[in-house]
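A.B. asks: Coordinates only, no sequence provided:
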Ligand code: AMP
Ligand code: ZN
Ligand code: FE
Ligand code: FE
């Protein structure tokens, strides 16, 4: 049974597998098309595309842009965008810069809690400019401070925990605009993580539609069947395209696999063409 996966992370951001390795997992899961959606960076796309040509998998250029919605983060996926666009790249560079402003402050808080860790160690493990909390979690795992990334987030790194530090982020509408200006389709990522009521979510979608929001990630590894149908209804009501993906990261989310999430994920190939057309039209 073939399927697609439109949400995947690699070593170019906070995933633990290279684009080639991710594509090899995808091949085994009968994934026929996929999007690499690294956080605030698109440098994984050439390697993924070349490997895709070798393995017979279509690689769609993608990205996951961080933004701020009230007190919490909101992620915006971009698809079929001109990922080499200079303006887009300047904007993504500013987001990566805000990571380098925040991360040493997280490290300082961990040090204050008596944990021996340096930002140099984190940067060395990350090996990319898009350094995220999952990299810090992995260093904490290597140092045996925690036994899982989940524990690192629950004890230290999650919003509201003692080592959490906010970073400067654009508004969700800005993220939509950035993606649109690079010719892409903007898709609201994992609505389950948007911290608001059902009404709040509907209001947000209406507002973002005015800025050109094109779709919503209805199918997602951790969405329950009732959430999936709720989001499907919302997408229909507001005329949004439906997308889906696993949000595979490798070792920091060990229960999630490429193409199948926790086993139940199945994203249809039929969702791809409408998305492709929406990008060409923008
Ligand atoms: P950052 O980009 O540095 O703000 O880190 C946020 C990223 O951490 C998210 O995009 C997820 O990939 C990851 N993340 C958030 N919460 C958890 C968690 N509880 N366990 C593992 N990874 C998480
Ligand atoms: Zn991530
Ligand atoms: Fe995300
Ligand atoms: Fe993601």
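C.D. replies: Yep, it's here. Quick caveat: nothing in here was measured; it's all calculated off a predicted structure. Ligands and ions are numbered 1, 2, ... in the order given.
A.B. asks: going forward, measure contacts between C-alpha atoms and count neighbours the same way
C.D. replies: Will do.
A.B. asks: now the strands: where do they sit in the protein?
C.D. replies: With strands called from DSSP state E, the chain shows them at 3-8, 31-36, 58-69, 72-79, 185-188, 213-220, 241-245.
A.B. asks: Among those strands, show me which one is buried the most.
C.D. replies: Per-stretch averages of neighbours, counted by mean count of other C-alpha atoms under 10 Å, single out strand 185-188 among the strands of the chain, with a mean of 29.
A.B. asks: Now do that one: which elements does it pack against?
C.D. replies: strand 72-79, helix 172-181, strand 213-220, helix 272-281 (3 or more C-alpha pairs under 8 Å, 6 or more residues apart in numbering; DSSP states H and E).
A.B. asks: Just checking: what are the partner strands of it?
C.D. replies: Here strand 185-188 is paired, per DSSP bridges, with strand 72-79 (antiparallel), strand 213-220 (parallel).
A.B. asks: close to ligand 1, is the first one?
C.D. replies: When you say that, I think you mean strand 72-79. No - on the criterion C-alpha under 6 Å from any ligand atom, strand 72-79 is out of touch with ligand 1, staying 8.0 Å away.
A.B. asks: quick check, distance from that strand to the centre of its chain.
C.D. replies: From the chain centre to the centre of strand 72-79 is a distance of 7 Å (C-alpha atoms, centre = their mean, to the nearest Å).
A.B. asks: and if you look at the last one?
C.D. replies: Centroid displacement of strand 213-220 relative to its chain, using C-alpha atoms, centre = their mean, is 12 Å.
A.B. asks: Please identify the buried residues of stretch 105-114?
C.D. replies: Buried residues in stretch 105-114, defined by neighbour count with 16 or more other C-alpha atoms under 10 Å: 105, 106, 107, 108, 109, 110.
A.B. asks: For ligand 1, see how far away residue 77 is.
C.D. replies: Computed as C-alpha to the nearest ligand atom, to the nearest Å, the residue 77 to ligand 1 distance reads 12 Å.
A.B. asks: Does stretch 209-221 reach ligand 1?
C.D. replies: No - using C-alpha under 6 Å from any ligand atom, stretch 209-221 never reaches ligand 1; the gap is at least 12.7 Å.
A.B. asks: Tabulate the strands paired with strand 185-188 in JSON lines, adding columns for mean pLDDT.
C.D. replies: Converted to JSON lines, these look like this (pLDDT from 0 to 100):
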{"stretch": "strand 72-79", "mean pLDDT": "96"}
{"stretch": "strand 213-220", "mean pLDDT": "98"}
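A.B. asks: Next up, the contacts around the residue of the chain found nearest ligand 1.
C.D. replies: Nearest residue of the chain to ligand 1: residue 132, at 3.2 Å (C-alpha to the nearest ligand atom). By C-alpha atoms under 8 Å, 6 or more residues apart in numbering, the residues touching residue 132 are 13, 14, 99, 103.
A.B. asks: Need the buried ones from those selected in ChimeraX.
C.D. replies: Per 16+ other C-alpha under 10 Å, the buried members of those correspond to this ChimeraX selection:
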select :13,14,99,103
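A.B. asks: which one of the contacts of residue 132 sits closest to residue 85?
C.D. replies: Of all these, residue 85 sits closest to residue 13, with 18.8 Å by C-alpha to C-alpha.
A.B. asks: Could you double-check that the closest one sits in contact with residue 133?
C.D. replies: No - taking contacts as C-alpha atoms under 8 Å, residue 13 lies outside contact range of residue 133: 10.5 Å.
A.B. asks: what does the chain put close to ligand 1?
C.D. replies: So far as C-alpha under 6 Å from any ligand atom goes, the chain lies against ligand 1 at 132, 133, 134, 149, 150, 153, 252, 253.
A.B. asks: Could you dump those into CSV with pLDDT and distance to residue 52 added?
C.D. replies: Listed next are the residues of the chain next to ligand 1 as CSV, based on pLDDT from 0 to 100; distance: C-alpha to C-alpha, whole Å:
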residue, pLDDT, distance to residue 52
132, 97, 26
133, 98, 29
134, 98, 26
149, 98, 29
150, 98, 31
153, 98, 33
252, 97, 24
253, 97, 24
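A.B. asks: Low-confidence bits of this protein, can you list those?
C.D. replies: Applying pLDDT under 70 to the chain flags residues 281-282.
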